[in-house]
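**Q** need a structure here:
(one chain, ligands or ions: 2)
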Amino acid sequence: MNDAARVLQDVFGHKAFRSPQEEIVATVVGGGDALVLMPTGGGKSLCYQVPALVRPGCGIVVSPLIALMQNQVEALRQLGVRASFLNSTLDALGARAIEAALLAGTLDLLYVAPERLFQPRTVELLQRAQIALFAIDEAHCVSQWGHDFRADYLQLERLHREFPGVPRIALTATADQRTRAEIVSRLDLGAARHFVASFDRPNIRYRIGPKTSPQAQLLRFLREEHAGDSGIVYCLSRNKTEDVARWLVASGFDALPYHAGLDAATRAANQARFLREDGVIVVATIAFGMGIDKPDVRFVAHLDLPKTVESYYQETGRAGRDGLPADAWLVHGLQDVIKLRQMLDASDGDEAHRRAEQQRLNAMLGLCEITTCRRHALLHYFGEESPERCGNCDNCLEPPQTWDATESARMALSAVLRTGQRYGVNYLIDVLRGSSGERIATAGHDRLPTFGVGAALDVTTWRSVFRQLVARAYLRVDMGDYGAVRLEEKARPLLRGDTGIELRREEKRSRTRRAAAPAPGGSGVDSVLWDALRACRSALAAEQNVPPYVIFHDSTLREMCERLPRDEAEFGQLGGVGERKRERYAAAFLAVIRSMPSVG
Ligand code: ADP
Ligand code: ZN
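**A** Ligands and ions are numbered 1, 2, ... in the order given. From the prediction side, this is the model:
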């Protein structure tokens, strides 16, 4: 066994590296630079933690979020790793002690905030210490193109010059080419080896459906599939997060709001409860998420449409980091598209930028409307090829029905054209269905040939037709004109009768219930034992004031249920049980297992 494999087993309790961890670790242990692109939950931390323990000296980790540093340091200390952080939460005395430990060579890993790193005092300190490596976490923060840009990250380019010979490893879950190129150039990583892991998250089940009655839909999803689970519900606006959190609480859930408009103390308290307690739901704007390193988030629900596929994938990626089954659930409607387009139009930035954003929104809409495998489409979007069907998304599990909507679509387009491309969807549906209304009569639209031609379809179906026509870029909603619908170039051949169109049918699907994913405890697992192990973990966590998953992940508890270890040696064989945790916790958990009447 080589040094890296031994550290992996003895300290972390893992049997084998995941691809491409092993090669990354070997590269950095050997003194080389590396750029690592791996999805959330892929296992980035080990890529620098193991080399930092193998190489002489202390590994310096640059990380943008203080909350994340604290969690990582807590988790490492549980493993017996000598880890600390240097950031603004320390007083002068605390900082001195850490500096002294670094110089004395008694630190394995030191997390440093980027703004702290280049203070003259820190640079001078690092010059005198033995440094094993520099890890640059969330490396996409150096990109001005992305929304996580941090000016302090630009300075990291100095590392190469000021610490020649110290290997650098930059890590991110942001995959797109443009960001990657920017990381390489701004961090001077031209000579680094690039490692791109698969971005697939096979344990996440993707589901996207039409928004009919969002409140009832969300409640049904939570009650039927996620009672007692931790999860995140994303909404577009701050007010809405508070409303939704309030009615979830009224419906018996333990829910908390989170958005940038809450005062810092409330935000911190809500985030802490989410991290430290089981079964808390956070209802949040996109302000929540980066640096939430909680492995047992069982679902991510979207009540509003994300702006881009990138943000959708990043947000849903926060589910199921522990590799156990998790759900990504989204409902969307035409109103979402209108709202997002409004936001786009109101944003500053030049025409080219706006057009690019428009295209990204269209890609998101496309993902919502496809009838083929969602995972295949997602991975394809990020430039990765995968099987045509994944077997773990709504479209694979319950192939959607489509219908020949050529006739109806043509009616809809013709209604748009004949009313002068000046009206919104509700009005157009009234015209199509032949509704009597003063506005229609005044405009003389009750005398149009399209008036009433669509009476056979109900309002819901017409809304679905319009939504899909907008999503597929036959129609565009014009924001300057109160949501007026206009024809796109693509609509011409359809209107002329040169092409046809299939749309997805949705009435039936939205009612069908899927087979529930297996509970984290696993099927066939003794639920009494599972609950007792969780209670034991919670008690140990509360004693030390750390989140439960820092003691053991659900996956380790699940293995306990399945393998029923009888002694400390068998306990040490479980995934996630390194030497330190075995010594510390075997007795408590073995006692729980032995106390079960069915065991022993
Ligand atoms: P990321 O930082 O990429 O989001 P983490 O480093 O937090 O991912 O790892 C995600 C999860 O996978 C953690 O629970 C970690 O313990 C687990 N993990 C990572 N590498 C391995 C491995 N080689 N064997 C078993 N579990 C692993
Ligand atoms: Zn699929």
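
**Q** which positions in the lowest-mean-pLDDT helix or strand in the chain come out as buried?
**A** The weakest-scoring helix or strand in the chain, judged by mean pLDDT, DSSP states H and E, is helix 334-346 (a mean of 81). Within helix 334-346, the residues scored as buried using 16 or more other Cβ atoms under 10 Å are Leu334, Asp336, Val337, Ile338, Lys339, Leu340, Arg341, Leu344. Heads up, the C-betas are built off the backbone N, CA and C, glycines and all.

**Q** what residues does this structure put near ligand 1?
**A** 14, 17-18, 21, 38, 40-46, 295, 321-322, 553 (Cβ under 6 Å from any ligand atom).

**Q** which of the residues you listed count as buried?
**A** 14, 17, 21, 38, 40-46, 295, 321-322, 553.

**Q** need the contact list for Leu303.
**A** By Cβ atoms under 8 Å, 6 or more residues apart in numbering, Leu303 lies in contact with Lys211, Pro214, Leu218, Val233, Tyr234, Cys235, Lys240, Val244, Val331.

**Q** which stretches of the stretch 101-250 of the chain form strands?
**A** 109-112, 131-136, 168-172, 193-196, 204-210, 231-234 (DSSP state E, counting those that start in this stretch).

**Q** how close does whichever residue of the stretch 501-600 of the chain sits closest to ligand 1 get to Gly41?
**A** Closest to ligand 1 within the stretch 501-600 of the chain is His553: 5.4 Å, counting by Cβ to the nearest ligand atom. Using Cβ to Cβ, to the nearest Å, one gets 12 Å for the distance from His553 to Gly41.

**Q** need the residues touching each of those two.
**A** Contacts common to His553 and Gly41, judged by Cβ under 8 Å, 6+ apart, are Pro295, Asp322.

**Q** check the contacts of Leu303 against ligand 2, which are close?
**A** Applying Cβ under 5 Å from the ion to the contacts of Leu303, one finds that nothing falls near ligand 2.

**Q** inside helices: which ones of those?
**A** If you go by DSSP state H, the contacts of Leu303 have Pro214, Leu218, Lys240, Val244 in helices.

**Q** how about those in JSON lines, adding pLDDT and neighbour count?
**A** JSON lines is the format used below for these (pLDDT from 0 to 100; neighbours: other Cβ atoms under 10 Å):
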{"residue": "Pro214", "pLDDT": "94", "neighbour count": "17"}
{"residue": "Leu218", "pLDDT": "97", "neighbour count": "22"}
{"residue": "Lys240", "pLDDT": "95", "neighbour count": "19"}
{"residue": "Val244", "pLDDT": "97", "neighbour count": "23"}
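
**Q** which one of those sits closest to ligand 2?
**A** Distance to ligand 2 across the ones in helices among the contacts of Leu303 (Cβ to the ion) is lowest for Leu218, with 22.6 Å.

**Q** residues in contact with that closest one?
**A** Contacts of Leu218 by Cβ under 8 Å, 6+ apart are Val233, Val244, Ala301, Leu303, Val331.

**Q** what residues are up against the nearest residue in space to Ala191 that is not next to it in sequence?
**A** Counting by Cβ to Cβ, 6 or more residues apart in numbering, Ala191 lies nearest to Asp33, which is 6.1 Å off, once chain neighbours are set aside. Residues in contact with Asp33 (Cβ under 8 Å, 6+ apart) are Thr27, Pro167, Arg168, Ile169, Leu189, Ala191, Ala192, Arg193.

**Q** Asp33 and Pro51: what is the separation?
**A** Taken as Cβ to Cβ, the span from Asp33 to Pro51 is 12 Å.

**Q** what touches both of the two?
**A** What both Asp33 and Pro51 touch, as defined by Cβ under 8 Å, 6+ apart, is the set Pro167, Ile169.

**Q** how about the helices in the stretch 51-200 of the chain?
**A** Using DSSP state H, counting those that start in this stretch, the helices of the stretch 51-200 of the chain run over residues 66-78, 92-104, 114-117, 120-128, 151-154, 158-162, 177-186.

**Q** ok, so of the contacts of Asp33, who is nearest Ser527?
**A** Ile169 (41.8 Å; Cβ to Cβ).

**Q** that closest one bridge partners, please.
**A** Ala34, Ala135 (DSSP bridges).

**Q** how about it, what does it touch?
**A** So Ile169 contacts 24, 28, 33-36, 47-48, 51, 133-136 (Cβ under 8 Å, 6+ apart).

**Q** ok, of these, which come out buried?
**A** 24, 28, 33-36, 47-48, 51, 133-136.

**Q** still on that earlier bit, ligand 2: which of the helices of the stretch 51-200 of the chain is closest?
**A** Short answer: helix 177-186, nearest of these by Cβ to the ion, at 24.8 Å.

**Q** and that closest one, what other elements does it pack with?
**A** strand 34-37, strand 168-172 (3 or more Cβ pairs under 8 Å, 6 or more residues apart in numbering; DSSP states H and E).

**Q** distance between that helix and the chain's centre?
**A** 21 Å (Cα atoms, centre = their mean, to the nearest Å).

**Q** try stretch 117-130
**A** 35 Å.

**Q** buried residues in that stretch?
**A** Quick answer for stretch 117-130 (16+ other Cβ under 10 Å): Leu117, Phe118, Thr122, Leu125, Leu126, Ala129.

**Q** quick revisit: out of the ones in helices among the contacts of Leu303, which two sit at the greatest distance?
**A** Leu218 and Lys240, at 12.0 Å, using Cβ to Cβ across the ones in helices among the contacts of Leu303.

**Q** you'd agree Gln78 is up against Val546?
**A** Yes - counting by Cβ atoms under 8 Å, Val546 is a contact partner of Gln78 at 7.3 Å.

**Q** quick one: the residue in the chain sticking out farthest from the centre from ligand 2, how far?
**A** Distance from the C-alpha centroid of the chain, by Cα atoms, centre = their mean, peaks at Arg447 (51.2 Å). Arg447 sits 48 Å away from ligand 2, taking Cβ to the ion, to the nearest Å as the criterion.

**Q** domains for this structure, by residue range?
**A** 2-196, 204-397, 416-490, 527-595 (automatic domain parsing).

**Q** figure out how far the longest one is from the centre of its chain.
**A** In this case it means domain 2-196. How far domain 2-196 lies from its chain's middle: 22 Å, per Cα atoms, centre = their mean.

**Q** what does the shortest one give?
**A** Domain 527-595 has its C-alpha centroid displaced from the chain centroid by 27 Å (Cα atoms, centre = their mean).

**Q** what's the first-to-last distance across it?
**A** 14 Å (Cα to Cα, to the nearest Å).

**Q** on the three-state scheme, the residue in the stretch 151-300 of the chain that ligand 1 sits nearest to is what?
**A** Nearest residue of the stretch 151-300 of the chain to ligand 1 (Cβ to the nearest ligand atom) works out as Pro295 at 4.7 Å. With DSSP: H, G, I helix; E, B strand; the rest coil as the basis, the three-state label of Pro295 is coil.

**Q** what about the closest residue to it other than its chain neighbours, which SS state?
**A** Once flanking residues are discounted, Pro295 sits nearest to Asp322: 4.0 Å by Cβ to Cβ, 6+ apart. Following three-state DSSP, Asp322 is assigned to coil.

**Q** quick one on the thing from earlier: which among the contacts of Asp33 gets closest to ligand 2?
**A** Arg193 (32.2 Å).
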